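Q: Sequence and computational prediction follow.
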Amino acid sequence: MTDLAITRLSAAQADFDAELARLLAWEDSVDHQVNESVRHILHQVRTRGDAAVLEFTAKFDQLSVASLADLEISQARLQQALAAIPADQREALEQAAERVRGYHQRQRQDSWQYQEADGTVLGQKVTPLDRAGLYVPGGKAAYPSSVLMNAIPAKVAGVAEVIMVVPTPAGVQNDMVLAAAAIAGVDRVFTVGGAQAVAALAYGTETIPAVDKIVGPGNIFVATAKREVFGTVGIDMIAGPSEILVICDGETDPDWIAMDLFSQAEHDEQAQSILICPNGDYLDRVEASIRKLLPTMERAEIIARSLNDRAALIEVADLAQAAEVSNRIAPEHLELSVADPEALVEAIRHAGAIFMGRYTAEALGDYCAGPNHVLPTSGTARFSSPLGVYDFQKRSSLIGFSAAGASEMGKVASVLARGEGLTAHARSAEYRIQSEGGQGDE
Ligand SMILES: NC(=O)c1ccc[n+]([C@@H]2O[C@H](COP(=O)([O-])OP(=O)(O)OC[C@H]3O[C@@H](n4cnc5c(N)ncnc54)[C@H](O)[C@@H]3O)[C@@H](O)[C@H]2O)c1
Ligand SMILES: N[C@H](CO)Cc1c[nH]c[nH+]1
Ligand SMILES: [Zn+2]
């Protein structure tokens with residue numbers, strides 16, 4: 001098994017800022033090759049449609065079929081999977097779905113409007129997307145939970161057609177994934193993945209319809225493809241390889257923290273796990289737990305690679321400094337494993353999801369707490385939010401002037417338009433200005 005050498009940093013060391021930046025900028029070094037390959041895949045799918053999707057699916061997912069229609073999963077097959085899974089799995093999926101739905105129903109935004117004294121009406125009309133594309137990852141693990149997290153907010157928003165893509169390496173279909181699609185009411189499912197699936201959803205092919213927005217998490221190829229197609233379609237955010245940052249006061253069982261770090265490292269060699277603590281001895285104890293527990297893990301190889309390449313144990317002066325370092329990282333998941341999380345959370349400004357207190361394992365949020373587990377990564381929590389119902393709704397402004405309102409505002413618009421040298425704007429507004437006691441001027 002890969003030897004472990006986890007990066008140790010101290011906020012007091014002279015080159016701490018540079019070392020931290022190096023740890024976080026790591027993704028940039030692989031970006032170039034990934035960008036090249038993703039651009040090639042996007043171009044091929046855009047110009048050659050189904051044929052290119054089939055070729056890349058054979059190449060990257062070892063799945064060869066004659067026609068892309070063969071990769072569509074029927075509703076009957078989804079129902080069959082739901083009937084086939086063991087009762088405890090079905091119950092857990094249904095329980096998780098109910099909690100996720102309950103949470104997301106509170107996010108729904110309704111249209112609103114108000115009337116001014118002269119009868120002018122202003123407001124906002126909220127409408128769901130016509131067609132959304134959900135990316136459910138499936139390369140190194142199967143993610144029924146991601147089906148629920150993607151599809152339930154789309155359904156709560158009222159999206160008319162929900163299309164899911166999921167890779168099935170070597171054609172192995174996961175019944176829990178299909179059952180989750182049945183529970184969440186996904187309309188169409190295609191077993192394609194990677195950048196080729198993102199391209200198909202963005203541009204449309206003979207078989208896969210183009211969507212209005214692509215949401216969902218995925219590996220670096222998926223995240224890069226989403227970034228590239230933004231503008232042709234909407235995207236939710238950059239939700240790439242998973243990350244966990246734990247701030248601990250040194251009082252939590254070190255085995256718990258080691259396993260919390262593993263929980264995200266096991267997703268991907270490119271996942272990132274970071275522990276920050278004011279107590280150097282405690283960092284030693286967690287490292288000892290990591291070494292003790294790693295051989296017991298089924299995905300030990302992936303975890304070891306992730307810990308070696310991307311993890312860090314960071315000693316800080318106090319919890320205030322821990323929060324400051326965490327804000328610079330802006331992690332996807334932040335665990336506050338401290339005695340008083342309510343006090344510490346005051347200092348937190350940037351994180352996809354914040355897990356409060358020693359008992360709140362990040363893993364609960366991944367499956368069944370209720371909030372969404374599709375979260376911004378790579379520091380994008382500085383400006384992005386968790387996937388939510390709002391990602392599947394859009395807003396149109398409503399503006400309805402009364403004759404009196406048009407007359408009054410016409411004067412303001414006229415002055416501003418003439419200031420901009422835009423005469424047609426000015427005259428358009430001026431036509432609606434009423435002369436004293438009369439109709440609009442000619
Ligand atoms: N941020 C979030 O909210 C969140 C949630 C769940 C999972 N995740 C992350 O999603 C990711 C899932 O990754 P995964 O790999 O298991 O599944 P995936 O579906 O994201 O990726 C698999 C696809 O990657 C493509 N691919 C693989 N190697 C390639 C190559 N060399 N060139 C071109 N394409 C290639 C293949 O087409 C394959 O279908 C993990 O990084 C996990 O941490 C993130
Ligand atoms: N931790 C992932 C988001 O980064 C979500 C997930 C799904 N299953 C297990 N974990
Ligand atoms: Zn996870």
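A: Received the coordinates, thanks. Residues are numbered from 1 along each chain as shown. Ligands and ions are numbered 1, 2, ... in the order given.
Q: Number of residues surrounding the residue of the stretch 101-250 of the chain found nearest ligand 2?
A: Residue of the stretch 101-250 of the chain nearest ligand 2, by CB to the nearest ligand atom: Ser242 (3.4 Å). Bear in mind the C-beta positions are built from the backbone N, C-alpha and C, glycine included. When neighbours are counted by other CB atoms under 10 Å, Ser242 registers 25.
Q: got it, and Pro86?
A: Neighbours around Pro86, by other CB under 10 Å: 10.
Q: ok, now Ala182?
A: 21.
Q: Over to the one 5 residues further on?
A: Around Asp187 there are 17 other residues, counting by other CB under 10 Å.
Q: do you know how far it is from Ser74?
A: 12 Å (CB to CB, to the nearest Å).
Q: Please apply the same query to Gly370.
A: Gly370 is 31 Å from Ser74, by CB to CB.
Q: Next: Val412.
A: To Ser74, Val412 is 59 Å away according to CB to CB.
Q: Also Ile354?
A: 41 Å.
Q: OK, contacts around whichever residue of the stretch 251-400 of the chain sits closest to ligand 2?
A: Residue nearest to ligand 2 within the stretch 251-400 of the chain (CB to the nearest ligand atom): Asp366, separated by 3.5 Å. By CB atoms under 8 Å, 6 or more residues apart in numbering, the residues touching Asp366 are 145, 263, 373.
Q: and with 7 Å instead?
A: Asp366 makes contact with 145, 373 under the criterion CB atoms under 7 Å, 6 or more residues apart in numbering.
Q: Would you mind listing what in the stretch 51-200 of the chain touches ligand 2?
A: 143, 145-146 (CB under 6 Å from any ligand atom).
Q: Torsion angles phi and psi at Lys394?
A: Backbone torsions for Lys394, taken as degrees, to the nearest 10, come to phi -130, psi 170.
Q: Give me the pLDDT for it.
A: We have a pLDDT of 97 for Lys394.
Q: any idea how far it lies from ligand 1?
A: To ligand 1, Lys394 is 22 Å away according to CB to the nearest ligand atom, to the nearest Å.
Q: could you point out the longest helix in the chain?
A: Longest helix in the chain, counting residues (DSSP state H): helix 26-48.
Q: so where's the chain shaky on pLDDT?
A: 1, 26-30, 437-442 (pLDDT under 70).
Q: residue contacts, the residue of it at minimum distance from ligand 1?
A: Distance from ligand 1 to each residue of the chain (CB to the nearest ligand atom) is smallest for Gly194, at 2.2 Å. By CB under 7 Å, 6+ apart, Gly194 lies in contact with 56, 60, 167, 221-222.
Q: And Thr207, by the same measure?
A: 50, 68-69.
Q: now these: which count as buried?
A: 50, 68 (16 or more other CB atoms under 10 Å).
Q: I'd like the contacts of Thr207 as CSV, with distance to ligand 1 appended.
A: Output for the contacts of Thr207, formatted as CSV (distance: CB to the nearest ligand atom, whole Å):
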residue, distance to ligand 1
Asp50, 16
Leu68, 15
Ala69, 19
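Q: Pick the one among the contacts of Thr207 closest to ligand 2.
A: Of all the contacts of Thr207, the one with the least separation from ligand 2 (CB to the nearest ligand atom) is Leu68, at 27.2 Å.
Q: Would you mind stating the distance between the residue nearest to Ile41 when sequence neighbours are not counted and Ile73?
A: Distance criterion CB to CB, 6 or more residues apart in numbering; nearest residue to Ile41, sequence neighbours excluded, is Ala195 at 4.2 Å. Taken as CB to CB, the spacing of Ala195 relative to Ile73 amounts to 21 Å.
Q: More neighbours: these two, which one.
A: Per other CB under 10 Å, whichever of Ala195 and Ile73 has more neighbours is Ala195, with 29 against 20.
Q: Verify the contact between that one and His40 for me.
A: No. Using CB atoms under 7 Å, Ala195 is not in contact with His40; the gap is 8.8 Å.
Q: now for the host helix or strand of Leu275, which elements pack on it?
A: In this assignment (DSSP states H and E), Leu275 forms part of strand 272-277. Applying 3 or more CB pairs under 7 Å, 6 or more residues apart in numbering; DSSP states H and E, we find strand 272-277 packed against strand 243-248, helix 254-265, helix 280-293, helix 300-310, strand 312-315, helix 319-329.
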